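**Student:** Give me the fold of what follows.
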Amino acid sequence: MTAPPPSSGPAPGAGAPRTCYRHTDRETGVSCTRCGNPICPDCMVEASVGFQCPSCVAEGNRKVRSTRTTFGGKVVDKPYVTWTILTMMVVGFVVQWGTSDPIGQPTMSPLTGMFSMWGVGVVAYGEWYRLFTAAFLHAGIFHLLFNGYAMFILGPQLERWLGHGRFLSLWLLGALSGSVLSLIATPGQGSVGASGAIFALFGAVFVLGRRLRLDTRMILVLLALNLGITFLVPNISWTAHIGGLVGGLLIGAVFAYLPGRTAKATRRTLVHTLLLAAFAVLLVVLVLVARGLWTVTGV
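**Tutor:** Numbering: from 1, shown residues only. Modelled structure (predicted):
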């Protein structure tokens with residue numbers, strides 16, 4: 001009796017070859033440990049047990065909540081906002097230094113005349129940008145070093161507490177608060193420097209530190225010393241310092257106490273955004289009021 005020729009197809013009872021669910025031309029013997037789909041080496045994502053497919057990994061990532069700080073911001077690895085602002089302060093000073101006449105006198109630079117905080121420019125010529133640009137200019141090397149060092153000490157810690165967005169909002173609104181008070185109280189006096197924003201950082205770190213139950217006595221000592229210098233040393237814009245400090249205290253209180261640490265991250269972000277926007281609107285209204293008063297008096 002003659003035996004039948006061997007079959008070239010799959011063995012009896014065997015199914016068709018398994019192929020990757022994403023690359024149907026590739027055979028594989030590995031399956032996703034979550035959904036069971038066959039996956040080729042290019043689609044294998046190592047898991048704690050076995051391998052998962054890209055679809056299951058993406059689905060798992062969507063369900064993982066992003067880590068938040070105590071005050072609602074996203075956790076940051078590096079204080080990029082602090083470094084960026086410091087760089088802009090240094091660049092602004094270098095340009096002042098190099099374009100002044102004589103060279104090396106920042107207050108004699110055309111840049112200082114164009115971008116310093118000067119009430120007449122804001123009111124008569126509508127140069128609102130001065131309310132912010134003055135914070136990136138300085139009157140001398142020691143002025144820059146003082147503000148830069150304070151930024152270097154306070155900025156990274158606050159940025160890690162608040163996250164990039166909240167920290168940037170604090171800095172900008174602090175600078176704006178100082179400029180607005182200068183516009184109202186000393187409209188005829190020009191000024192430059194990041195002091196308003198720096199005092200806002202002092203105010204915020206005090207409030208947030210108290211919320212975290214940290215020892216804030218050193219912050220109080222530094223504040224007392226700086227306020228003493230503000231009023232005892234001539235040619236220092238007390239309005240920028242006080243305006244920034246008040247703004248920092250208010251914004252710090254918003255971050256620390258509203259809407260409550262048990263609130264969801266989305267609600268905290270919404271409340272903080274609305275309150276910061278309301279504060280910004282208030283500052284704009286104060287600028288408009290100051291412009292109106294100046295117009296009445298003939299400026």
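**Student:** and the longest helix anywhere in the chain, what's its mean pLDDT?
**Tutor:** Of all the segments assigned as helix in the chain under DSSP state H, the longest by residue count is helix 265-296. Across helix 265-296, the average pLDDT comes to 88.
**Student:** What are the buried residues along that helix?
**Tutor:** 268-269, 271-272, 275-276, 279, 283, 286-287, 290-291, 294 (16 or more other Cβ atoms under 10 Å). Every residue, glycine included, has its C-beta placed from N, CA and C.
**Student:** just stretch 164-179 next, same as before
**Tutor:** Neighbour-count burial for stretch 164-179, counted by 16+ other Cβ under 10 Å, picks out 164-179.
**Student:** picking that back up, adding distance to G36, write the buried residues of helix 265-296 out as a markdown table.
**Tutor:** Listed next are the buried residues of helix 265-296 as a markdown table, based on distance: Cβ to Cβ, whole Å:
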| residue | distance to G36 |
| --- | --- |
| R268 | 40 |
| T269 | 38 |
| V271 | 44 |
| H272 | 44 |
| L275 | 49 |
| L276 | 49 |
| F279 | 54 |
| L283 | 59 |
| L286 | 64 |
| V287 | 64 |
| A290 | 69 |
| R291 | 69 |
| W294 | 74 |
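**Student:** Which single one of those is nearest to T70?
**Tutor:** Distance from T70 was checked for each of those by Cβ to Cβ. The minimum falls on R268, at 10.6 Å.
**Student:** quick one: the strands in this structure?
**Tutor:** With DSSP state E as the criterion, the chain has strands at 45-46, 51-52.
**Student:** So which of the ones you listed is the most surrounded?
**Tutor:** Highest mean neighbour count among the strands of the chain (mean count of other Cβ atoms under 10 Å): strand 51-52, with a mean of 21.
**Student:** Show the pLDDT at E46.
**Tutor:** At E46 the predicted local distance difference test score is 78.
**Student:** other SSEs contacting the longest helix of the chain?
**Tutor:** Applying 3 or more Cβ pairs under 8 Å, 6 or more residues apart in numbering; DSSP states H and E, one finds that helix 265-296 contacts helix 119-124, helix 164-185, helix 238-257.
**Student:** how far is that helix from where the chain is centred?
**Tutor:** 18 Å (Cα atoms, centre = their mean, to the nearest Å).
**Student:** Report the angle between that helix and helix 238-257.
**Tutor:** Interaxial angle of helix 265-296 relative to helix 238-257 (axes from the mean of the first three to the mean of the last three Cα atoms, to 10 degrees): 160 degrees.
**Student:** Wait, L168 touches Y80, no?
**Tutor:** No - checked against Cβ atoms under 8 Å, the pair L168 and Y80 is beyond contact range at 9.9 Å.
**Student:** closest to L249 among the buried residues of helix 265-296?
**Tutor:** Taking Cβ to Cβ as the measure, L249 sits nearest to F279 out of the buried residues of helix 265-296, at 11.7 Å.
**Student:** out of everything not next to it in sequence, what's closest to the closest one?
**Tutor:** L173 (6.3 Å; Cβ to Cβ, 6 or more residues apart in numbering).
**Student:** How about the contacts made by the one you found?
**Tutor:** L173 makes contact with A200, G247, I251, L276, F279, A280, L283, according to Cβ atoms under 8 Å, 6 or more residues apart in numbering.
**Student:** got it, and T67?
**Tutor:** Remark: with contacts taken as Cβ under 8 Å, 6+ apart, T67 is in contact with K74, V75.
**Student:** Can you tell me how far it is from W161?
**Tutor:** Distance, T67 to W161, by Cβ to Cβ, to the nearest Å: 13 Å.
**Student:** Same question for A253.
**Tutor:** Distance, A253 to W161, by Cβ to Cβ: 14 Å.
**Student:** next one: V281
**Tutor:** From V281 across to W161, the span is 25 Å (Cβ to Cβ).
**Student:** thinking again about what came up before, what's the least confident stretch among the helices and strands packed on helix 265-296?
**Tutor:** Out of the helices and strands packed on helix 265-296, helix 119-124 stands lowest, with a mean of 83 (criterion: mean pLDDT).
**Student:** Mind giving me the packing neighbours of it?
**Tutor:** By contact count (3+ Cβ pairs under 8 Å, 6+ apart), the secondary structure elements abutting helix 119-124 are helix 130-133, helix 164-185, helix 265-296.
**Student:** Centre of the chain to the worst-scoring helix or strand of the chain on mean pLDDT, how far?
**Tutor:** Comparing every helix and strand of the chain by mean pLDDT, DSSP states H and E singles out helix 54-63 as the least confident one, with a mean of 74. Counting by Cα atoms, centre = their mean, helix 54-63 is centred 29 Å from the centre of its parent chain.
**Student:** Mind listing what's buried along that helix?
**Tutor:** Neighbour counts over helix 54-63 (16+ other Cβ under 10 Å) mark S55, C56, V57 as buried.
**Student:** Please consider this matter closed, and thank you.
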